[in-house]
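**Student:** curious how this folds, go ahead:
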Amino acid sequence: MREHYLGLKFMFSYFTILPIRFKDDDDLSAPTVLASMLFYFPLGGLVLGGVSLGIFFLLEPLGWLGAVVAAVAYMMLYGFLHTEAIIDVVDAIYAKHNNKDPYEIIKEPTVGAMGVLWAGAMMLLQIAGIVYLLIHGAYAFFLSILIISRLGLLLLFSTQTFRSSFITQIQKGFSLRYLIASLISFTFIGLWLSGWYFMLLLCFGLLFAYISAYLLKSKLGFINGDVLGAILESIEILLILLGARLWL
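**Tutor:** Now for the predicted structure:
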């Protein structure tokens, strides 16, 4: 039980900027801890979305300005981790076009102009989409998207081979049992939030995650954490656009 609790804490410490503390004797490398970290990953999105909604409710009298602050706060709460991944992935793709090693480029600390431009464009789309949802009162829909984008990554954790020692280590404990348990648990939460629309969005999100992973792997020759982050951002943007077009 303690290892599951450590996995929950580890998830928040790794995927968010929320202040989490550990004891010196906490073993974060245990397979159960790492598997639990992934199991709770969708909960991280749900919590960050809830905090962002709280900020919006406090600033709601400011109208669109309050919605912009809340949208940016969501991205700040995960430390722009996934936005940074877009830069690295785009740089790697352009490097491959120039016959350079994309893996070497993706690991470099420097960034290229095209990566920055793509990340900036996608960040604008994501902020605009979240603002649109908040202004139209689609709070449950917003939270559902944050759950689905992370469930999409769990599917990839279970089906893909990664060029990353850390992700490979996490995979060792993340059995099919954990994936099914996470899917069932957070699908029930999504159904409670958005009804049967959640199932349609979930199917689309999982399919898009798998296709994106296949295409990026074909393009780059590998999948790592940066690729996963870029896919997560893409899922959220596309689901916002799809949901806004069909139901709002």
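
**Student:** excluding its backbone neighbours, what's nearest I135?
**Tutor:** Spatially, and ignoring its direct neighbours in sequence, I135 is nearest to A67 (5.4 Å; Cβ to Cβ, 6 or more residues apart in numbering). Bear in mind the C-beta positions are built from the backbone N, C-alpha and C, glycine included.

**Student:** looking at it, the one you found is touching A138, isn't it?
**Tutor:** No. A67 is beyond contact range of A138, at 11.3 Å (criterion: Cβ atoms under 8 Å).

**Student:** follow-up on the earlier one: chain center to the helix or strand where the residue nearest to I135 lies, what's the gap?
**Tutor:** Element membership for A67 (DSSP states H and E) is helix 64-77. Averaging C-alpha positions (Cα atoms, centre = their mean, to the nearest Å) puts helix 64-77 17 Å from its chain's average.

**Student:** how about stretch 160-174?
**Tutor:** On the basis of Cα atoms, centre = their mean, stretch 160-174 sits 17 Å off its chain's mean C-alpha point.

**Student:** do stretch 188-205 as well
**Tutor:** Chain-centre distance of stretch 188-205: 17 Å, with Cα atoms, centre = their mean.

**Student:** do stretch 73-82 as well
**Tutor:** On Cα atoms, centre = their mean, the centre of stretch 73-82 falls 10 Å from that of its chain.

**Student:** tell me the buried residues in that stretch?
**Tutor:** For stretch 73-82, the neighbour count (16 or more other Cβ atoms under 10 Å) marks A73, Y74, M75, L77, Y78, F80, L81, H82 as buried.

**Student:** which of those lies closest to F39?
**Tutor:** Distance to F39 across these (Cβ to Cβ) is lowest for Y78, with 17.9 Å.

**Student:** can you name the next helix or strand after the worst-scoring helix or strand of the chain on mean pLDDT?
**Tutor:** Lowest by mean pLDDT, DSSP states H and E among the helices and strands of the chain is helix 165-173, with a mean of 81. The helix or strand immediately downstream of helix 165-173 is helix 176-194, counting by DSSP H and E.

**Student:** give the other helices and strands that that following helix contacts.
**Tutor:** Packing partners of helix 176-194 (3 or more Cβ pairs under 8 Å, 6 or more residues apart in numbering; DSSP states H and E): helix 31-39, helix 41-59, helix 139-159, helix 197-220.

**Student:** helices and strands around the third one, which ones?
**Tutor:** Which is helix 139-159. Looks like helix 139-159 contacts helix 41-59, helix 113-135, helix 165-173, helix 176-194, helix 197-220, helix 225-247 (3+ Cβ pairs under 8 Å, 6+ apart).

**Student:** go with 6 Å
**Tutor:** For helix 139-159, the packing partners by 3 or more Cβ pairs under 6 Å, 6 or more residues apart in numbering; DSSP states H and E come out as helix 41-59, helix 176-194, helix 197-220, helix 225-247.

**Student:** do the same with the longest one
**Tutor:** Here helix 197-220 touches helix 139-159, helix 225-247, going by 3+ Cβ pairs under 6 Å, 6+ apart.

**Student:** same check on the shortest one?
**Tutor:** Using 3+ Cβ pairs under 6 Å, 6+ apart as the contact criterion, the secondary-structure elements in contact with helix 31-39 are helix 2-15, helix 165-173, helix 176-194.
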